[in-house]
Structures are given as C-alpha cells and as structure tokens.
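Q: Show me the folded form of this:
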Amino acid sequence: MATVRDEVNALGARLAKLTDSLHRDEVANAQAAMRIEQLEQMVLEQFGMSPDDLIAEYGPENQLPPTDLEMAEYEQAKERGEQVFAPAPIPYDRATQERRAKRAEKELAELGRVNPLALEEFAALEERYNFLSTQLEDVKAARKDLLDVIADVDARILQVFNDAFIDVEREFREVFAVLFPGGEGRLRLTDPGDMLTTGIEVEARPPGKKITRLSLLSGGEKALTAVAMLVAIFRARPSPFYIMDEVEAALDDTNLRRLISLFELLRAKSQIIIITHQKPTMEVADALYGVTMQGDGITAVISQRMRGQQVEQLVSSSS
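A: Numbering: from 1, shown residues only. Prediction:
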C-alpha cells in the first residue's frame, strides 16, 4: 500500500507540474498572439500593406535589390564612359541587413530632429536664391557692357591721343625752329608701351647749347619753350579764338619779334586776344582796347581800331 501511495503522490506532483507548464504555455501563446497582432497592425499602419504581402515582397527568400548609392555610382561611371556592369541583386543575409539597419539608424539620428517648417524655409530661401541669381546675372551683364564701353572708349582715346600727339609733335618742331633758329625741340613719350598712362617730356636744345632738359634753360628760354608748346597745340588743333595774358613779358626784342611772327600765322585762321604792354605787339594788332582811371576814380575803357599809320600814332602817344 505504501508503494502505491508513493506512486500516486508522484503522479499528482507530476500532473500539477504539467498543469502549471500548460498554463504558462497558454499565457505565452496568448502574449505571442497579441504581439503578432500588434506587429500586423504596425505593418499595416507604417507600410500600408498586409503582413503576407510584405513577406511576399520583402521576405528573406527574396534577393535584395541594389541600393540607391550603388545605382548612383553606376550611373556616374556610365556617364564617365567607364566599362561597368549594373549592380546585381544579392541574397538576403540577416547579419548583413542588421548592420545596414544599424548604420541607417545612426545616420538618421545624426540628422537630428525633424524641422516641421523646413519646407516653408526652403521655399523662402529658394525664392531669395532665385532673386539673387537673377540680380547676379544682371550685374554680370551690366559689367560686361561696361567693360565693352570702357574698351571702346580706351580704343578711341588711344586713337585720338596718338593722332594728337603726332600732330602736336610735328608742329612743336616747326614752331621751336622759328623761335630758336638753329635750335631743335621735340616731344617724347615717357612710356610708349602704355599709351593710356604715359607722360610727355619736352626736349629743347637752343642754338649753341647741348642741353635738352628744361630745368637747365634760362627763364626766357623756358618761357619761349612754353609758348612754343602752346602755339604747337593751337596749330595742331585750331580754335576760333585764343586769349593770352602777357606771354611775351619776359622776352627781349629779338625773341619778341619771333613770337609776333607766330601770332601773324595764328591770326590767319583764328582771332587772338592778347593782354600786353609791349609796343611791338600792339603794332600788329587790328584793334586796341585800353583801361584807364580818370582823376575822379572812375575807370574808363577806350578802344581804337587800327588802320595803317594809326598804329604808330597811338603807340607813340601811349608812351
């Protein structure tokens, strides 16, 4: 009897143990079924497809298509003309895909939180960028037009300057030879390679002298050289009239007569107004104008048109 009782007790304990294990298995199955239901609902919400369709399309038995990065590298290689083959699908490997998933999660985390106003900010920045791009193109076009205008103006300046320099230099040689018989004068460019910034030097060698620098000339020679330069410009580019203020004040009679001969040449094509106290200059004038102050302090202007001997008479009376 004792043996039977022990066996009954052992079987009862075993039954209780199996009953408890069965209860735990039922609870686990219920939890698993609930988890499966939750996963199916999550799949439906996130991917918009049923679990069966998801498994059929992305199940482990399906090969994995090439990634976007692989396809982009393939297209770039084709554009470069390289001999490459299109990336082929690869078999599913859980460990590999888990590593890819972790790497993707890490990169996603590095992007930071999603900015809900990003689209609006992008639209505003894009509009600003397009506006500035248009303005930049306008500025580039305007700059090109200005550079073209500057190039045209520079070309015109070079042409006008070169023509004027050649004419003035030629006239200066002739005028200098008149004012300094036996002497030599010329104009020289300081930098012929850059006509836009070059200077002009005046070289003058009076008769009997070897010097050509203006700083070494006497006061009268400097004055006469300056007059030669002015007259050369007048003759190269004539004007309707000229006004000169005592340009011959520092000249002696000989040089004065030479200068008057130039006045005679100039007045053939232009009118000349000369302020002077020199009698020889007055002798060649067509008309004289004088300013005097009477005893009552009132300034009076007198004029006389010269004809023949009237010049000598007026000059004598003024002395």
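Q: shaky segments in this protein?
A: Low-confidence segments of the chain (pLDDT under 70): 1, 211, 307-319.
Q: at 90 instead, please
A: 1-121, 157, 174-186, 188, 190-231, 233-273, 277-287, 290-319 (pLDDT under 90).
Q: so where do the strands sit in it?
A: Counting by DSSP state E, the chain has strands at residues 184-189, 200-205, 241-245, 271-275, 287-293, 299-305.
Q: Show me this structure divided up by domain.
A: The chain is divided into the following domains under automatic domain parsing: 123-237, 239-319.
Q: Same list (those domains) but as TSV, adding mean neighbour count and distance to Pro87.
A: Heads up, the C-betas are built off the backbone N, CA and C, glycines and all. What follows is these, written out as TSV (neighbours: other Cβ atoms under 10 Å; distance: least, Cβ to Cβ, whole Å):
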stretch	mean neighbour count	distance to Pro87
domain 123-237	14	33
domain 239-319	13	85
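Q: Can you show me the helices along the stretch 1-150 of the chain?
A: In the stretch 1-150 of the chain, the helices defined using DSSP state H, counting those that start in this stretch lie at 2-47, 51-58, 68-79, 94-110, 118-179.
Q: Mind putting these into a markdown table with distance to Leu259?
A: Below are the helices of the stretch 1-150 of the chain laid out as a markdown table (distance: least, Cβ to Cβ, whole Å):
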| stretch | distance to Leu259 |
| --- | --- |
| helix 2-47 | 106 |
| helix 51-58 | 109 |
| helix 68-79 | 82 |
| helix 94-110 | 91 |
| helix 118-179 | 7 |
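Q: Of all those, which one is nearest Pro192?
A: helix 118-179 (10.2 Å; Cβ to Cβ).
Q: now for the closest one, which elements pack on it?
A: For helix 118-179, the packing partners by 3 or more Cβ pairs under 8 Å, 6 or more residues apart in numbering; DSSP states H and E come out as strand 184-189, strand 200-205, helix 219-236, helix 253-266.
Q: Can you add distance to Tyr58 and give those back as JSON lines?
A: Below are the helices and strands packed on helix 118-179 laid out as JSON lines (distance: least, Cβ to Cβ, whole Å):
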{"stretch": "strand 184-189", "distance to Tyr58": "85"}
{"stretch": "strand 200-205", "distance to Tyr58": "88"}
{"stretch": "helix 219-236", "distance to Tyr58": "93"}
{"stretch": "helix 253-266", "distance to Tyr58": "104"}
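Q: rewinding a little: between the strands of the chain, which one is closest to Leu111.
A: Using Cβ to Cβ, the nearest of the strands of the chain to Leu111 is strand 184-189, at 68.0 Å.
Q: now that closest one against helix 219-236, angle please.
A: Relative orientation of strand 184-189 and helix 219-236, computed by axes from the mean of the first three to the mean of the last three Cα atoms, to 10 degrees: 70 degrees.
Q: how far out from the middle of the chain is strand 184-189?
A: Distance, stretch centre to chain centre, for strand 184-189: 39 Å (Cα atoms, centre = their mean, to the nearest Å).
Q: Report the strands that pair with that strand, each with its relative direction.
A: Sheet pairing of strand 184-189 (DSSP bridges) gives strand 200-205 (antiparallel).
Q: which residues sit against the strand it pairs with?
A: Residues external to strand 200-205 that are found in contact with it (Cβ atoms under 8 Å, 6 or more residues apart in numbering): 165, 172, 176, 180, 183-190, 211-214, 217, 221, 225, 228-229.
Q: what residues are up against the residue nearest to Leu262 when sequence neighbours are not counted?
A: Of all residues not flanking Leu262 in the chain, Val231 sits nearest, at 5.3 Å (Cβ to Cβ, 6 or more residues apart in numbering). Applying Cβ under 8 Å, 6+ apart, we find Val231 in contact with Glu171, Val175, Leu262, Leu266.
Q: next one: Leu256
A: Counting by Cβ under 8 Å, 6+ apart, Leu256 has contacts Glu248, Gln278, Pro280, Thr281.
Q: wait, doesn't the third one sit right on Arg258?
A: No. Under the contact definition of Cβ atoms under 8 Å, Pro280 does not touch Arg258, with a separation of 10.8 Å.
Q: Residues that sit against both of the two, list them.
A: The contact sets of Pro280 and Arg258 do not overlap (Cβ under 8 Å, 6+ apart).
Q: Identify the residue spatially nearest to Val168, adjacent ones excluded.
A: Counting by Cβ to Cβ, 6+ apart, the residue nearest Val168 is Ala236, at 4.4 Å.
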